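A.B. asks: sharing a sequence plus its predicted fold:
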There are 2 protein chains.
Amino acid sequence: MEPKHSHQLIIDNVTRFIDLTELEKQKYISLLTEVKVKKKAFLMQAGEVTKYEYFITKGCLKVYTLDEEGSPHISMFAVEDYWTGDMASFMTKEPSHYFIKATEDSELLGISRANYELLFQEIPKFERFYRILYQKSLISYIRRSNQGISLTAEERYIEFKRKYPNIVNRITQKDLAAYIGITPEFMSKIISKVNRM
Amino acid sequence: MEPKHSHQLIIDNVTRFIDLTELEKQKYISLLTEVKVKKKAFLMQAGEVTKYEYFITKGCLKVYTLDEEGSPHISMFAVEDYWTGDMASFMTKEPSHYFIKATEDSELLGISRANYELLFQEIPKFERFYRILYQKSLISYIRRSNQGISLTAEERYIEFKRKYPNIVNRITQKDLAAYIGITPEFMSKIISKVNRM
DNA sequence: GAAAAAAAATGAAGTAGTTTAAGACTTTTA
DNA sequence: TAAAAGTCTTAAACTACTTCATTTTTTTTC
């Protein structure tokens, strides 16, 4: 039987780092939950305790917090082949500070807290998978948190375009501004300036 | 026989997340290399390929890059019971962009790339240890990279003092400025303002 | 496909943080 | 322990970015 496209995607993602037998693949898939989110709908909201970590098989979502003034700060855009969620809340079982909202109709595969633990018991190789996944994420976050502090807004925009050419055209300028960390007005000025260059 | 203080420290750190038998502890210790760095000496410099990941048993070091203008940007201060190094270079074997310099006479335990891999073969539980270690680091980096973008310099200073009261008094204002992401002059103004409040 | 809602562009006035320069204080080194 | 080197403070002029207000353009909704 042909595997579903979404299952094939997540298996490809995992087997980039570890090998799995057919049986292990089936076992893994059986621990996942399919989720669909319509554009503008929330996958999760601040105040809730995160029940799942997600892998995106289709669409685009934004992960953000609201500051005291109610302004959004986007920490990531998640598209196909990305992992997302709020790991802090997922691990500590404390209420999340994040919202995750679909910016396009999206499809995801979620793993619950219980199944995440079960996964490590049943297929210990997944400790290695997550070790490598987190290690790579850590490397890119370390880089980003330095850039956030050392580059100007214009440089951060150019860097974002270079690094995520496939994302930049799928999101609004307003959301991009909330990611870069500036006002939509200044984002507009930067974009028109950079395009004139 | 009494274990060395430095060995006890690293074993305590590891056994916070995983259990180890006496034999496993000895095996682990045997894979580590002791390193001492005098104040102002480099543990590593940009351009080198990182050979070790380090655990600090004594002292304080700063991890930083230099931008095009030659200004330092400090990404972390590492003190006792912290892990440090350049994971990107350690993993990819590409030359590092980082400098690590001791701000006090320091002592570390290093694990080489070869021994790091060997460790996973000999004691697979360490995949779990590093999975959890990286997961926790990731959570704090995600938080920091949001703060870098959404807080003012003054708020970042207050947050640093709150979070690392034991570090703030061990470093110079100049280095703190290079961490917060502002000039030493503006750091001086912030500190005198905050102290007046 | 018209009306409503949201996003983007533009400009003027304000604030957070930089630059440069000079003097006071502290630490390092011989 | 004196000299040198580095760190900290203060202030004035400057730049990156914000705020607020208005208009135009694009997207959504019925």
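C.D. replies: Right, received. Where do you want to start?
A.B. asks: report the buried residues of the helix or strand of chain A with the lowest mean pLDDT.
C.D. replies: Of all helical and strand segments in chain A, the minimum by mean pLDDT, DSSP states H and E falls on helix A:125-150, at a mean of 90. Neighbour-count burial for helix A:125-150 flags A:125-135, A:137-139, A:141-150 (criterion: 16 or more other Cβ atoms under 10 Å in any protein chain shown). Where C-beta positions appear, they are placed from N, C-alpha and C, glycine not excepted.
A.B. asks: what packs against that helix?
C.D. replies: helix A:113-122, helix A:153-163, strand B:72-79, helix B:87-92, helix B:125-150 (3 or more Cβ pairs under 8 Å, 6 or more residues apart in numbering or on different chains; DSSP states H and E).
A.B. asks: any residue of that helix up close to DNA strand C?
C.D. replies: No - Helix A:125-150 stays clear of DNA strand C (Cβ under 7 Å from any atom of the strand), getting no nearer than 9.1 Å.
A.B. asks: just checking, residue A:112 touches residue A:52?
C.D. replies: Yes - taking contacts as Cβ atoms under 8 Å, residue A:112 lies within contact range of residue A:52: 5.6 Å.
A.B. asks: and for those two, which residues touch both?
C.D. replies: Here residue A:112 and residue A:52 have residue A:33 as joint contacts, going by Cβ atoms under 8 Å, 6 or more residues apart in numbering or on different chains.
A.B. asks: around chain B, pick out the residues from chain A.
C.D. replies: With Cβ under 8 Å from any Cβ of the partner chain as the criterion, chain A comes near chain B at residues A:65, A:67, A:73, A:75, A:87-88, A:91, A:120, A:124, A:127-128, A:130-131, A:134-135, A:137-139, A:141-146, A:148-150, A:180-181.
A.B. asks: which stretches of chain A aren't confidently modelled?
C.D. replies: Applying pLDDT under 70 to chain A flags residues A:1-2.
A.B. asks: swap the cut-off to 80 and go again
C.D. replies: Within chain A, the segments meeting pLDDT under 80 span A:1-3, A:147-148, A:197.
A.B. asks: residue numbers of it in contact with DNA strand C?
C.D. replies: Residues of chain A lying near DNA strand C (Cβ under 7 Å from any atom of the strand): A:172-174, A:184-185, A:188-189, A:191-192.
A.B. asks: gap between residue A:134 and residue B:94?
C.D. replies: 20 Å (Cβ to Cβ, to the nearest Å).
A.B. asks: same check, this time on residue A:81
C.D. replies: 24 Å.
A.B. asks: follow-up on the earlier one: from the residues of chain A next to DNA strand C, which is closest to residue A:9?
C.D. replies: Closest approach to residue A:9 among the residues of chain A next to DNA strand C (Cβ to Cβ): residue A:172, at 26.0 Å.
A.B. asks: leaving out sequence neighbours, find the closest residue to the closest one.
C.D. replies: residue A:103 (7.9 Å; Cβ to Cβ, 6 or more residues apart in numbering or on different chains).
A.B. asks: and if you look at residue A:115?
C.D. replies: Residue A:115's closest residue in space is residue A:31 (Cβ to Cβ, 6+ apart), at 4.1 Å.
A.B. asks: so what's the residue count around that neighbour?
C.D. replies: 18 (other Cβ atoms under 10 Å in any protein chain shown).
A.B. asks: and it, its phi and psi?
C.D. replies: Main-chain torsions, residue A:31, degrees, to the nearest 10: phi -90, psi 0.
A.B. asks: and for residue A:101?
C.D. replies: The phi and psi values for residue A:101, taken as degrees, to the nearest 10, are phi -130, psi 140.
A.B. asks: so how far is DNA strand D from the nearest residue to residue A:164 once chain neighbours are set aside?
C.D. replies: Of all residues not flanking residue A:164 in the chain, residue A:77 sits nearest, at 7.5 Å (Cβ to Cβ, 6+ apart). Using Cβ to the nearest atom of the strand, to the nearest Å, residue A:77 is found at 16 Å from DNA strand D.
A.B. asks: one more: residue A:102?
C.D. replies: Taken as Cβ to the nearest atom of the strand, the span from residue A:102 to DNA strand D is 12 Å.
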